[in-house]
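J.: Next comes the sequence, and after it the predicted model I'd like to discuss.
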Amino acid sequence: MKKLLNEFKEFALRGNVMDLAVGVIIGAAFQAIITSLVNDVISPLIGLVANTDLSYLVATVGGVEIRYGAFITAIINFILMAIIIFLLVKGMNALGNIGKKKQEEAPAAPTTKICPYCKSEIAIDAVRCPHCTSELEG
């Protein structure tokens, strides 16, 4: 039992689990803001154009109410939430990249050199030119 509790403690106190917990809590609070935006701002504005409130759109089929207006409102909530999360992640990635300087690749060390006598291209570590057979320094 003690081993199980220690494993749970190790799991629960890992950084990524705590980050996930914070993300879920902030996401739930953010969902309330999006729901209010849709229900209190967007739906009434659409209602002005369509002359109705989306949340009250109901179709009755065989004595059963199908509240498609509430479904449309949920779709709007989802789309807005997805757009805002996309923009937040994109912004966070941009902020994360601000401090990072692009590291330029160092130029590769040369693998050839020019023979000072015949001006032919030869291997960098050659001690004698294969073309003119001159002895090279270095």
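T.: Received, thanks.
J.: Tell me which helix or strand the most centrally placed residue in the chain sits in.
T.: Nearest residue to the geometric centre of the chain (C-alpha atoms, centre = their mean): V89, 5.4 Å. Per DSSP states H and E: V89 is located in helix 68-98.
J.: ok, now which ones touch the residue nearest to the centre of the chain?
T.: For V89, the contact set (C-beta atoms under 8 Å, 6 or more residues apart in numbering) is empty. The way it works is simple: take the backbone N, C-alpha and C, and place the C-beta from them, glycine included.
J.: For L95, see how far away it is.
T.: Per C-beta to C-beta, to the nearest Å, V89 is found 11 Å from L95.
J.: tally of neighbours for L54?
T.: Counted with other C-beta atoms under 10 Å, residues neighbouring L54 total 21.
J.: residues making contact with the helix-or-strand element of the chain with minimal mean pLDDT?
T.: Lowest by mean pLDDT, DSSP states H and E among the helices and strands of the chain is helix 43-50, with a mean of 74. Residues from elsewhere that reach helix 43-50 (C-beta under 8 Å, 6+ apart): 53-55, 73, 76.
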